[in-house]
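**Student:** this one's sequence-less:
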């Protein structure tokens, strides 16, 4: 367990995430007090993989969601079930290096912030390459890049709730002001990155299986990641958990070399 740990509850909602969910959970397990996980209808090995992780911190349940609104309702219920000061949203395809998880927890322990935004590597083809940050970058709390609002202090944001249907839901305060519109001086943005596998294969069953066709497998050259890998990728894991260390093949590289210039031309035309 990480020393000087504050009271933190993880919120995780999954569906068909068996390629990465074991690593996602293991990467934040030592740093938090509680992990609330809800599966919304997986048909791959996601449920088996989650059940293979033995920890008193994890509360796992299954609740079928057939609409986007029901996914938001599940996330809202997790928020209402949280008794700790902080909630920290982690998706089943988000894997934290220790340095990034520690930075989040240290920011929480400082008691200075109402929210924490985490920078992310959007992976392309394998865990060794990422999308260029100028592609699809966000402008959040005065900074640009690939990032996502992840941790929130419930005591500093009275009436915190979710509004909108997945995947366009957002966090709002008691006055229905979006947290993203709060003062940037109240929010911490990490220097370190999480590994985001949204553009990789996320289910052993293939296809667009995650929640409501949110599978977005992409073929693109990207750039090489120079940081050290998340430590959990080196852990011994059950045989039914996929090996994350496989590099993208020559076929991917060749196809990416053809597709990437076309994508870059389209981006140039439409920006």
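**Tutor:** Yep, it's here. Quick caveat: nothing in here was measured; it's all calculated off a predicted structure.

**Student:** going forward, measure contacts and count neighbours with C-alpha atoms only.
**Tutor:** OK.

**Student:** in this structure, what spans have low per-residue confidence?
**Tutor:** Regions of the chain meeting the criterion pLDDT under 70 cover residues 1-6, 207-215.

**Student:** again, only this time at 80
**Tutor:** Applying pLDDT under 80 to the chain picks out residues 1-6, 206-215, 271.

**Student:** do a quick rundown of the helices in it.
**Tutor:** Using DSSP state H, the helices of the chain run over 21-28, 46-51, 68-80, 98-109, 250-270.

**Student:** can you mark which positions in the fourth one are buried?
**Tutor:** Using 16 or more other C-alpha atoms under 10 Å as the burial criterion, the residues of helix 98-109 that qualify are 98, 100, 101, 102, 103, 104, 105, 107, 108.

**Student:** possible to save the residues you listed as JSON lines with distance to residue 144?
**Tutor:** Shown next, in JSON lines, are those (distance: C-alpha to C-alpha, whole Å):
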{"residue": "98", "distance to residue 144": "23"}
{"residue": "100", "distance to residue 144": "18"}
{"residue": "101", "distance to residue 144": "21"}
{"residue": "102", "distance to residue 144": "22"}
{"residue": "103", "distance to residue 144": "19"}
{"residue": "104", "distance to residue 144": "19"}
{"residue": "105", "distance to residue 144": "22"}
{"residue": "107", "distance to residue 144": "20"}
{"residue": "108", "distance to residue 144": "22"}
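
**Student:** and the strands in the stretch 101-250 of the chain?
**Tutor:** Assigned by DSSP state E, counting those that start in this stretch, the stretch 101-250 of the chain shows strands spanning 115-124, 126-130, 138-140, 143-145, 147-153, 161-163, 170-172, 187-196, 223-224.

**Student:** list the pairing partners of the first one within its sheet, with orientation.
**Tutor:** Pairing partners of strand 115-124, with direction, according to DSSP bridges: strand 126-130 (antiparallel), strand 147-153 (antiparallel), strand 187-196 (parallel).

**Student:** ok, residues contacting it?
**Tutor:** With C-alpha atoms under 8 Å, 6 or more residues apart in numbering as the test, strand 115-124 has contacts from 104, 107, 129-131, 145-153, 186-200, 218-222.

**Student:** among those residues, which ones are buried?
**Tutor:** Using 16+ other C-alpha under 10 Å, the buried members of those are 104, 107, 129-131, 145-153, 187-190, 192-200, 218-222.

**Student:** hmm, residue 146 is touching residue 131, no?
**Tutor:** No: under the criterion of C-alpha atoms under 8 Å, residue 146 makes no contact with residue 131, lying 9.2 Å away.

**Student:** where's residue 177 relative to residue 77, distance?
**Tutor:** Distance check for residue 177 against residue 77: by C-alpha to C-alpha, to the nearest Å, it reads 20 Å.

**Student:** sorry, wrong one. I was asking about residue 216.
**Tutor:** Look at residue 216 and residue 77: by C-alpha to C-alpha, they are 27 Å apart.

**Student:** got it, and residue 245?
**Tutor:** In terms of C-alpha to C-alpha, residue 245 sits 35 Å off from residue 77.

**Student:** same thing with residue 147?
**Tutor:** Noted for residue 147: a distance of 25 Å to residue 77, by C-alpha to C-alpha.

**Student:** also residue 193?
**Tutor:** Taking C-alpha to C-alpha, one finds residue 193 at 28 Å from residue 77.

**Student:** cool, and residue 140?
**Tutor:** Per C-alpha to C-alpha, residue 140 is found 26 Å from residue 77.
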